[in-house]
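S.K.: Structure for this input, please:
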Amino acid sequence: MELDKDLQARQEARQLARTAEQAQKQLARMDQNKLDKIVESIAKAFYDSAPEVAQMAVEETGFGNVEDKITKNRFASRTVADAVRNMQAVGVLNQPAGEKLWQIGVPVGVICAIVPSTNPTSTVCYKAIIALKAGNSIVFSPHPKALACTLRAAKIVAQAAREAGAPEGAVSCLSIAS
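M.R.: Sure thing, here's the model as predicted:
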């Protein structure tokens, strides 16, 4: 019996969102130092994988060229990580002397991220970095014409995040594009 692809995709989305919600509850208990270690792990792993996923993206989508995609992937990893490295995203952000108003950063929850076919790999990296930096989990929805390269990029990011202490499900990607 063949199951409806759209129904399968919806069920997968529900399950990934549930898992991401549980992961996000664990991320929300982490301090900025722990979240930063996760971000650095993602940036390094993705930088090292930039040529592989660039080649996949060009072959699968037909957009761009490998060298430019490598540059974009490395920008999305190292340069984005450099830009947010000393940024406080959770906890007390600003406590002006003599004022009673403090700025406090708190995670928002599960981020659902659409991934375009034009930038399917670099988008995964930079969105994961900014989501996890602030204690949020993320679920990617790939463009149907960029499914394989987006899944590969998400797998690299998720593995690096887990190796640095992120919970299972903190980064995930739909495998059934609809």
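
S.K.: For the longest helix anywhere in the chain, which residues meet the burial criterion?
M.R.: Using DSSP state H to define each element, the chain has its longest helix at helix 32-61. Residues of helix 32-61 classed as buried: 32, 34-39, 41-43, 45-47, 49-50, 52-54, 56-58, 60-61 (neighbour count, 16 or more other CB atoms under 10 Å). Just so you know, the C-beta spots here come from the backbone N, C-alpha and C atoms, and that holds for glycine as well.

S.K.: Could you pull up the mean pLDDT of that helix?
M.R.: Mean per-residue pLDDT for helix 32-61: 98.

S.K.: ditto for stretch 158-174
M.R.: Mean per-residue pLDDT for stretch 158-174: 98.

S.K.: Identify the residues contacting residue 37.
M.R.: 164, 165 (CB atoms under 8 Å, 6 or more residues apart in numbering).

S.K.: measure it to residue 31 for me?
M.R.: 10 Å (CB to CB, to the nearest Å).

S.K.: and residue 5, how many neighbours does it have?
M.R.: When neighbours are counted by other CB atoms under 10 Å, residue 5 registers 11.

S.K.: Give me the pLDDT value at it.
M.R.: 86.

S.K.: Ramachandran coordinates for it?
M.R.: phi -60, psi -40 (degrees, to the nearest 10).

S.K.: Spit out the contact partners of it.
M.R.: By CB under 8 Å, 6+ apart, the neighbours of residue 5 are 176, 178.

S.K.: Residue 144 too?
M.R.: Residues in contact with residue 144 (CB under 8 Å, 6+ apart) are 177, 178.
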